[in-house]
Structures are given as structure tokens and as C-alpha cells.
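Participant: Provided below are the primary sequence and the corresponding predicted coordinates.
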Amino acid sequence: MIMIIPFLLIFSLLPSLSIATPTITVTPTSLSKSGDTIKLKWSDISDPSELDWVGIYSPPNSQHHHFIGYFFLNSSSEWKSGSGSISFPLINLRQNYQFRIFRWTQSEVDPTKMDHDRNPLPRTKHLLAQSGEVSFERLNGPEQVHLGFTEREDEMRVVFVAGDGGRKVVKYGEEEEELGMMAATAVERYEREDMCDAPANQSVGWRDPGFIYNGVMTNLKKGKRYYYKVGSDSGGWSSTYSFVSRNEDSDETIAFMFGDMGTATPYKTFIRTQDESISTIKWILRDLKALGNKPAFISHIGDTSYARGYAWIWDNFFNQIEPVATQVAYHVCIGNHEYDWPLQPWKPDWAAYAKDGGGECGVPYSLRFKMPGNSSFSTGTRAPATRNLYYSFDMGSVHFVYFSTETNFLQGSAQYTFLEHDLENVDRKKTPFVVVQGHRPMYTTSNEVRDTPLRERMQHHLEPLLVKNNVTLALWGHVHRYERFCPLNNFACGEMDLSGKKQGGYPVHVVIGMAGQDWQPVWEPRPEHTDLPIFPQPKRSIYRGGEFGYTRLVATKEKLTLSYVGNHDGEVHDMVEILATGEVLSGGEETESPKTVSKGGMASPIFSQVVKGGSVLLLGAFVGYVIGFVSRSRRETPASGNNWLPVKTEEA
């Protein structure tokens, strides 16, 4: 009996000596809409390590290594105590979410498994804790709403995504509280089997895309603001949005134009995302607010989401552009990161077509957007044909043309025939200016040597069409910089008249792929000194810079102005003016020599007041993207983050 009492006393003390079990909780557990913020809290992590991390899972039954994103616990200032919290927004993927904490040791770091920034991807061998599920109140409700023009000027198309395939409509009208008109919608979807390669057709990349709806609002009055919403009584309705219809009686044209923007995610993921895309959308929102009741549209010329086979990136992209794409038509053309794959049907040996599409073979791009016209190109697989390849439309005084640099553009192709017929039949009395857009540039002074054979074919087959038909502007993406050329034909600038002004007839080529993607090639080095970081600027290159941003196009029947707006300050840094006579001016005055990157410039009168005021519109849709962002390592580039550096253009 004397021996038993001490034993019982020791046994009774054991619970207080045991190690606590790690926990992770999430609040709230139900969200009303995409972009709402959650808070993850964890505690009782013993011997916390800088490699401890939390994985983000949707759907909740995903295998451990199929996380869509992650944070390291040291993102929280309290992590060394074994407790902490992180807040960030969630996008509705039409499935619930779950969160899991893992311990990852230094010995398990695998240098062969890296993300795009050459950081090792965390491993999932040691699970510490997992949360309950987080859902959306309207899991299947309409999301990702965006507008687009049709072939008719009195129509506007609206496209959106929902989690079910039931009947949904568009309600619209001239009064916000009286949406008395209704448009039916068509619905499509694509399946995992439609993807042509990994990661798009693998579990780590594939997520159910939902059902893609589109409806057309018809019989719109000219230049009138309309209100609309999409959905159904049973499945729920979107918010009420508004847009201003096109006005064929007006010669004024306003557009916001860029390429290669991408999207940001509020967490780390398998691939590099584009944080600068947030600033691009922010400044365009400012400009839209300044327009009031003037119609406008957006032109995104290739490399739209940079999903590259990871389906949830498309969801992030459409949620990020929704604040602008619900106000104005959002127009696109196809880029290498939407389409390219090893077995694509047209892949000549001189074209640098690789695996840039991540196995999507153009399918998400083709179904998630619906552009005017009916251009298509067979994939050669069970997947639907690739769409939205080439089309055109008029707005105000400008005729806009889009084409594909990823599919056959040579003489004799269907695309070439379209371009030839379209350009030859432009009514220059109605639209004195013609703007042609494609993804890979015909001209660039960046060191993009892989595309040299493709550029040579474009110059041989397409440039004569542009010159013959007096194309005003040729806009390109792909190179993640801004560069403006003189009016060009076969590398030669247009002739000067006796007064020293440039003559018309040749297109002004401008590379505008600087909207978000932060990988940038160096400028073309000197052939005799390729190892030295001096990048001469040839005479044909009037202005070039590494600043993130976008361009604004403003035109009347007398003059077209293209302005380059920098993301670091929202101001104009370069401008070209082209008169209806064909005369070309730079920066509002004659320019005879190349310009380096320089601050300032002349703003278009339509935007000068708001730009000079320096106002910044920060919408709530983007606040969540900022909260919870963690530092991510980036390759050092001539212009990274918000550091804006002049580009050296001549030898010291």
C-alpha cells in the first residue's frame, strides 16, 4: 500500500506533462463571395521551424501533394512561439477549401523540385494539423463576369461562370432598379479529357472549370449607360453592374491596351504569378472613373492569365479583372501561354512553339472568352477547336484588327485571307485609323533570338499587307517591355519631307507587353561585344523602357494619340500622335532621335486633370489581394517591383 500511493500520484500528473497537439482553425467558415477574407490561426506547434508551412486545398479531399497554394508559418510575426495567424482572401472555385500544416525538414529539401523562382517546393511527409472546411454561401452562383463586343454596334455580350448548368439569364435596362429587358444565355464547359498535356490534365493542375455562360444584350441605344445582372432566382444573382454602349454616331475612340498582364495570387503557388497586374488594373480603374459616361474598351493582346495548365489561376484572373471587365468590353488575342503545346497542329520547324500553354491547347482561352467573328482552328484532338483567333470591329474613328501569331498566318492560310480582305475593305472615311494587334512582335530590339525566324516570316508575309493598306498602328506583346518604333517598312523609317516631319504610309510598331509579367530579356547587345551590358538603341527605336504599365488610345477623326502610362506613378512617360493625314509626331512634338526612359510627357486632354491630380482608386476587390501577401524571391531584372530604372541606350 505504501508503494501504490506514489505510483498513483505520478500517474495523475502525466496529463499535465503530455505534449499538446497542434491545431489550426479558420474563421469564418462560410463566405458570401469571391475575394472575402479568412483568418487562419494555429497553436501548439512544438519546436517551430522556418520550414513549417500551411497548404491550401480545394477540393478538401485532395491528396496532400495536390495543394493549390501555400504559406510558410513564418509569415506570421508570432511564429516562433508556436502560434500565429494569417489573413488572406479566397476565390470561389466551386468547391470547399481545407488547410493543412506540415513539418518540412532541411534534409527533405529536393533541389530537383523547384517553382519558377527556383525555390524548392515544400514536401508533405509530416502532417501536423488540418482545419475544418470553408464554403461559400453561393457555391454555384454566377462569378467572373466580363463583357465583350459582338459584330453589331447595338449589342453587348456578357460572359460568366457558374457551378451548375441550369438555366440562367441576363437582366438589363436603363435604370438600375428597373431591369426590364432579358437575354437568354448559352452554356458550355470543357472536361479534363479535353486538355492535351500535363499539368492541365493532371490532378495537380486540373480543377473543375464550372459552366461558362454567355448572353447578348440587344437593341441598345447609342452611348447610353445600361445596368445589368446575371443569374437566376434558384441559383442566385450577381451584383448589378453597368456599362456605356457604343455610339456609332461619335468619332471618339478610347481604349486601354496592353499584353502579358497575368494575375496575382494572395499565396505562393507552383508557378510565378504577376503582382504588378494589381497596379495595372488599379490605374485603369482610375481612368475609367475619369471617363464618366464615355464608352471605352480594353485590349489584352495575348498571355492573359499565365495559368499554364493550373486551372485555379484562370479563376483568380477573371476575379481580378472583374472590376474593369464588368464596365467595359474586354478583348483578347491568343498568346503562346494560352496555346502552345508539343503536338499543336501547325508547328513549322522555324517557329519557337514549345510547351508554354501548360497542356491547355487553347481550350480555356477559347471557351472562357467569346470574341466577335467565328474564326477557329482544329486542335486535332477531342478538344473543341481553338477560337478567338482573328477578328475585327469598328469603334468610333478606329478599325481594330486582331490576329493569331500561334496559328498559320502565311500567305494562302485562312487567317492571311481574312487579314487581306479585312484591311482592303476598311471604310477610311468612317474609320481613318487602323490598328492591328498580335502577340509576338514583328519588330523588337530585345534579345529575343528564338523568335527571329518567326519575325522574318511575319515581315515577309504580313508586313506588305500592313504597308499597302496604310495601317496606322501595329501593337504587339510577348516581350515584357515597352518599345515604340518610327513608322517602319523593312527596318527602314519613313521618309522625311522638306519640313522635317515624318511622312505617313508606314505603320508605327509599338511593343506593349509590360502589363505584369516580370521576366524581361535584355535589350539586344552589340554583335561584337555580346558579353558587355551595353544595349545600343538603333535609330528605328524611338523610345523604350522597362517600366510596368499600359497604354491609352484616344482618337477622333483628326488625330490618334497613344500614351504609355507607368505603374509606379500613373503618369504618361511616352506618347505618339498620328494625324489622319498620316503625319506622325512623338511626345506632342517632332522627334528625330531615340529617347531613353524619362519621366513626364504629355497626357491626353481627356485624362490630364485626373492624372495631374494623382488620384488613386483602391477598390475593395483588391484590398484582399494585398493583405496576406508574402515576400517572394524574384529574378533580378532591369525593372522589378516598383523600382523604375532607366535603360542605358548608348555607350559611356
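Facilitator: Done, it's in.

Participant: what's the pLDDT at residue 15?
Facilitator: Here, the pLDDT recorded for residue 15 equals 50.

Participant: again but with residue 270, I slipped
Facilitator: At residue 270, the predicted lDDT confidence score is 87.

Participant: how near is it to residue 438?
Facilitator: 29 Å (C-beta to C-beta, to the nearest Å). All C-beta spots, glycine's among them, are computed from the backbone N, C-alpha and C.

Participant: hey, what's the nearest residue to residue 228 once chain neighbours are set aside bridged with?
Facilitator: Among residues not flanking residue 228 along the chain, residue 172 sits closest, at 3.7 Å (C-beta to C-beta, 6 or more residues apart in numbering). Note on residue 172: beta-bridge partners by DSSP bridges are residue 181, residue 228.

Participant: how far away is residue 172 from residue 524?
Facilitator: According to C-beta to C-beta, residue 172 stands 50 Å off from residue 524.

Participant: more crowded one of the two?
Facilitator: Per other C-beta atoms under 10 Å, whichever of residue 172 and residue 524 has more neighbours is residue 172, with 25 against 18.

Participant: got the contact list for that one?
Facilitator: When contacts are counted by C-beta atoms under 8 Å, 6 or more residues apart in numbering, residue 172 touches 179, 181-183, 217, 226-229.

Participant: what's the closest of those to residue 35?
Facilitator: Of all the contacts of residue 172, residue 35 sits closest to residue 229, with 17.7 Å by C-beta to C-beta.

Participant: where's the residue nearest to residue 228 relative to residue 565, distance?
Facilitator: 31 Å.

Participant: re the thing from before, which one of residue 270 and residue 438 has more residues nearby?
Facilitator: Neighbour totals were compared for residue 270 and residue 438, and residue 438 leads with 28 against 20 (other C-beta under 10 Å).

Participant: Could you check how far that one is from residue 193?
Facilitator: Residue 438 is 31 Å from residue 193, where distance means C-beta to C-beta.

Participant: do residue 319 as well
Facilitator: Between residue 319 and residue 193 the computed distance is 26 Å (C-beta to C-beta).

Participant: neighbour-wise, which of the two wins?
Facilitator: Ranked by neighbour count (other C-beta under 10 Å), residue 319 and residue 193 place residue 319 first, with 23 against 11.

Participant: Let me see the contact set for the more buried one.
Facilitator: Going by C-beta under 8 Å, 6+ apart, residue 319 touches 34-35, 91, 143-144, 621.

Participant: Helices along the stretch 201-350 of the chain, start to end?
Facilitator: Along the stretch 201-350 of the chain, the segments classed as helices by DSSP state H, counting those that start in this stretch run 276-291, 311-325, 336-339.

Participant: Among the ones you listed, which comes closest to residue 151?
Facilitator: Nearest to residue 151, of these and by C-beta to C-beta, is helix 311-325 at 19.6 Å.

Participant: and the closest one, which residues are buried?
Facilitator: For helix 311-325, burial by neighbour count (16 or more other C-beta atoms under 10 Å) applies to 311-325.

Participant: where does the closest residue to residue 234 other than its chain neighbours fall, phi/psi-wise?
Facilitator: The shortest distance from residue 234 to any residue other than its chain neighbours is 6.7 Å, reached at residue 166 (C-beta to C-beta, 6+ apart). Dihedral angles of residue 166 (phi, psi; degrees, to the nearest 10) stand at phi -70, psi 170.

Participant: Just the pLDDT at the residue nearest to residue 228, thanks.
Facilitator: Looking at residue 172, its pLDDT stands at 98.

Participant: now the strands: where do they sit in the stretch 251-400 of the chain?
Facilitator: For the stretch 251-400 of the chain, applying DSSP state E, counting those that start in this stretch gives strands covering 253-258, 297-301, 329-333, 376-377, 386-387, 391-395, 398-402.

Participant: and the last one, what does it pack onto?
Facilitator: To tie it back to what came earlier, the one meant is strand 398-402. Counting by 3 or more C-beta pairs under 8 Å, 6 or more residues apart in numbering; DSSP states H and E, the packing neighbours recorded for strand 398-402 are strand 253-258, strand 329-333, strand 391-395, helix 414-424, strand 433-438.

Participant: partners of that strand in the sheet?
Facilitator: Sheet pairing for strand 398-402, using DSSP bridges, gives strand 391-395 (antiparallel), strand 433-438 (parallel).

Participant: Out of those strands, which one sits most buried?
Facilitator: With neighbours defined by mean count of other C-beta atoms under 10 Å, none of those is more surrounded on average than strand 433-438, at a mean of 26.

Participant: That one to strand 297-301, inter-axis angle?
Facilitator: 40 degrees (axes from the mean of the first three to the mean of the last three C-alpha atoms, to 10 degrees).

Participant: Which one of the strands paired with strand 398-402 lies nearest to residue 306?
Facilitator: Across the strands paired with strand 398-402, residue 306 has its closest neighbour in strand 433-438 (18.2 Å, C-beta to C-beta).

Participant: Just want the angle from the closest one to strand 329-333.
Facilitator: Using the same axes, to 10 degrees: strand 433-438 against strand 329-333 is 60 degrees.

Participant: Relative to residue 221, how far out is the residue nearest to the spatial centre of the chain?
Facilitator: In the chain, the residue lying closest to the centroid (C-alpha atoms, centre = their mean) is residue 262, at 3.1 Å. Residue 262 sits 36 Å away from residue 221, going by C-beta to C-beta.

Participant: What is the burial count for residue 30?
Facilitator: 13.

Participant: Let me fix that, I meant to ask about residue 428.
Facilitator: By other C-beta under 10 Å, the residues close to residue 428 number 13.

Participant: State the distance from it to residue 22.
Facilitator: Applying C-beta to C-beta to residue 428 and residue 22 gives a distance of 71 Å.

Participant: helix/strand/coil for residue 467?
Facilitator: Judged by DSSP: H, G, I helix; E, B strand; the rest coil, the three-state class of residue 467 is helix.

Participant: Next, count neighbours for the closest residue to it other than its chain neighbours.
Facilitator: Spatial nearest neighbour of residue 467, excluding adjacent residues (C-beta to C-beta, 6+ apart): residue 489 at 5.0 Å. Using other C-beta under 10 Å, residue 489 has 15 neighbouring residues.

Participant: Verify the contact between residue 489 and residue 506 for me.
Facilitator: Yes: using C-beta atoms under 8 Å, residue 489 is in contact with residue 506, at 4.8 Å.

Participant: Any of the contacts of residue 172 buried? List them.
Facilitator: Buried members of the contacts of residue 172, scored by 16+ other C-beta under 10 Å, are 179, 181, 183, 217, 226-229.

Participant: Per-residue pLDDT of the residue nearest to residue 234, please?
Facilitator: pLDDT at residue 166 comes out at 94.

Participant: how close does it sit to residue 111?
Facilitator: Taking C-beta to C-beta, one finds residue 166 at 49 Å from residue 111.

Participant: again with residue 89
Facilitator: 32 Å.

Participant: ditto for residue 121
Facilitator: Residue 121 sits 11 Å away from residue 111, taking C-beta to C-beta as the criterion.

Participant: now swap in residue 285 and tell me
Facilitator: 42 Å.

Participant: More neighbours: the two, which one.
Facilitator: Applying other C-beta under 10 Å to residue 285 and residue 111 shows that residue 285 carries more neighbours, namely 19 against 7.

Participant: Grab the nearest non-local neighbour of residue 432.
Facilitator: residue 580 (4.4 Å).

Participant: brain fart, residue 32
Facilitator: Closest to residue 32 by C-beta to C-beta, 6+ apart is residue 137, at 5.1 Å.

Participant: looking at it, that neighbour is touching residue 28, isn't it?
Facilitator: No: Residue 137 lies out of contact with residue 28 (C-beta under 8 Å); the separation is 10.2 Å.
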